[in-house]
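# Here you go, sequence then predicted model.
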Amino acid sequence: MRGKKLETKIIEEHLIDEIVQLIQQGEVVAFPTETVYGLGANALDSKAVKKIFSAKGRPSDNPLNVLVSTKEAMYHLAKDVPKYVDELIAAFSPGPITYVLKSADKVANEVTANLSTIGLRIPNHPITLDILEKAELPIAAPSANVSGRPSPTSAEHVIHDLKGKIAAIVDGGTTNVGLESTVVDCTGEVPVILRSGFITSDDIKQVTGACEVAPALQMTSNKYKHYVPEVPLIVVRTEEQFNEAVLEEKAAGHRVGIITADGCHNINVEKVYQLGKSEEETAQNLYHVLRSIKKSEVDIVISAFFPSKIVMDRLTLAATKII
Ligand code: TXA
Ligand code: MG
């Protein structure tokens, strides 16, 4: 990989066999899932998995999650799985949820960053499931962005970050959910949410009777930079603070961009980024909006407060300052 530029083929979704072959040959490819685009390689092949880390510039101590197409494939890679996981799988998988389980040590050590646990997910997307079934392999697949950047929700986002660094991209259009899966630690008596997502602790509680949420900073990856836009991002909590922050930045002579639900605003600014009103819409648009912030257009962006916790969690991770 080092130094050698790859051609990065852009493959249409009906030509999945080509992607399957590349994966079986130890190459790294990007494809859509229902959450965000994934960057996949054979999870059993150390050399292939190392290519994921180098293409993304991902620190080697941040474990990758692994995609499988069935519950049996999941249990093959895990051990001592608590009974409640059966119920969670019946309720939520295939879907946007990653289970952290005790690892049966079958995947390459690089995948789990030498941890004794493994993150496993059954994606709910016909292309991803087709690839998994045809490849007959567990596929290590983190989000297909350069580390620190927002996760990709379209093939264009992947091309922007990874062209020349990976063998191919399947273009399957815009992803449906738009945010990454809920990550839930299922190694203990009670499931513990490590990363928020569309499947919430209340959803899990309804199935298992109990669910905890880890303090945000306990999550393995939170020590790393996340979703960082090209210019500083300020996230505010009230409308008053929003107006104040905008006026302050304008007074300092900065070109100001704002992120709001409906695009409405009463202060003259250089750029308005509209996220949308419903939680689904905001989630779908978030990464596209963060990626469309250009330093040639604005010096700073100020985001309004959004009621969705899963959106606020990501905005907070992307923020330079929260007021
Ligand atoms: O929706 C998703 O999960 C997407 C799609 C492509 O599947 N993938 C994704 O991967 O978001 P990534 O690598 O960006 O996020 C996976 C998260 C990371 O925060 C990682 O630290 C955590 O899962 N993770 C993976 N294995 C883990 C483990 N054994 N213990 C704790 N956390 C783990
Ligand atoms: Mg990621």
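Cool, the structure landed. Ligands and ions are numbered 1, 2, ... in the order given.

# contact partners of the helix or strand containing residue 39?
If you go by DSSP states H and E, residue 39 is part of strand 38-42. Residues outside strand 38-42 that contact it (C-beta atoms under 8 Å, 6 or more residues apart in numbering): 23-24, 26-32, 48-49, 51-52, 55-56, 67, 123, 128, 131, 135, 137-144, 158, 162, 166. Every residue, glycine included, has its C-beta placed from N, CA and C.

# give me the subset of those touching ligand 1.
For ligand 1, the contacts drawn from the contacts of strand 38-42 by C-beta under 6 Å from any ligand atom are 123, 141, 142, 143.

# still on that earlier bit, among the contacts of strand 38-42, which lie within strands?
Applying DSSP state E to the contacts of strand 38-42, the entries found in strands are 29, 30, 31, 67, 139, 140.

# Close to ligand 1: what parts of the protein are there?
33, 35-36, 38, 62-65, 96, 98, 100, 112, 115, 117-119, 121, 123, 141-143, 180-181, 183, 194-195, 220-221.

# change it to 5 Å
Proximity of the chain to ligand 1 (C-beta under 5 Å from any ligand atom) is limited to residues 33, 35, 38, 63, 65, 100, 115, 117, 119, 142-143, 180-181, 183, 220-221.

# With respect to ligand 1, which of the ones next to ligand 1 among the contacts of strand 38-42 is nearest?
residue 142 (2.9 Å; C-beta to the nearest ligand atom).

# How many neighbouring residues does the closest one have?
Residues near residue 142, counting by other C-beta atoms under 10 Å, number 25.

# swap in residue 256?
Residue 256, neighbours per other C-beta under 10 Å, totals 24.

# let's have the chain start at 411 instead
That works, and once the first residue is 411, the last one we named lands at residue 666.

# I'd guessed it sits against residue 703; true?
No: the pair residue 666 and residue 703 fails to qualify as a contact (C-beta atoms under 8 Å) at a distance of 11.5 Å.

# Quickly list what's touching both of the two.
residue 711.

# related to what we said a few turns ago, out of the contacts of strand 448-452, which end up buried?
433, 437-442, 458-459, 461-462, 465-466, 477, 533, 538, 541, 545, 547-554, 568, 572, 576 (16 or more other C-beta atoms under 10 Å).

# what residue ranges in the stretch 511-660 of the chain are flagged as low confidence?
Along the stretch 511-660 of the chain, segments meeting pLDDT under 70 span 626-633.

# how does this protein divide into domains?
419-630, 643-732 (automatic domain parsing).

# Nearest to residue 636, out of those?
Counting by C-beta to C-beta, residue 636 lies closest to domain 643-732 out of those; the figure is 3.9 Å.

# Name the nearest of the ones next to ligand 1 among the contacts of strand 448-452 relative to residue 618.
Nearest to residue 618 among those: residue 533, at 21.8 Å, using C-beta to C-beta.

# Nearest residue to that closest one in space, please, no chain neighbours.
Closest residue to residue 533 apart from its sequence neighbours, by C-beta to C-beta, 6 or more residues apart in numbering: residue 443 at 4.3 Å.

# what sits against residue 459?
451, 452, 453, 474, 518, 520, 521, 550.

# Wait, residue 544 touches residue 431, no?
No: using C-beta under 8 Å, residue 544 makes no contact with residue 431, being 9.3 Å away.

# what's the distance between the closest residue to residue 489 other than its chain neighbours and residue 488?
Nearest non-adjacent residue to residue 489, counting by C-beta to C-beta, 6+ apart: residue 514, 4.6 Å away. Separation of residue 514 from residue 488 (C-beta to C-beta, to the nearest Å) stands at 6 Å.

# Please say which of those two ends up with more neighbours.
Neighbours were counted for residue 514 and for residue 488 using other C-beta under 10 Å; residue 488 has more, 21 against 14.
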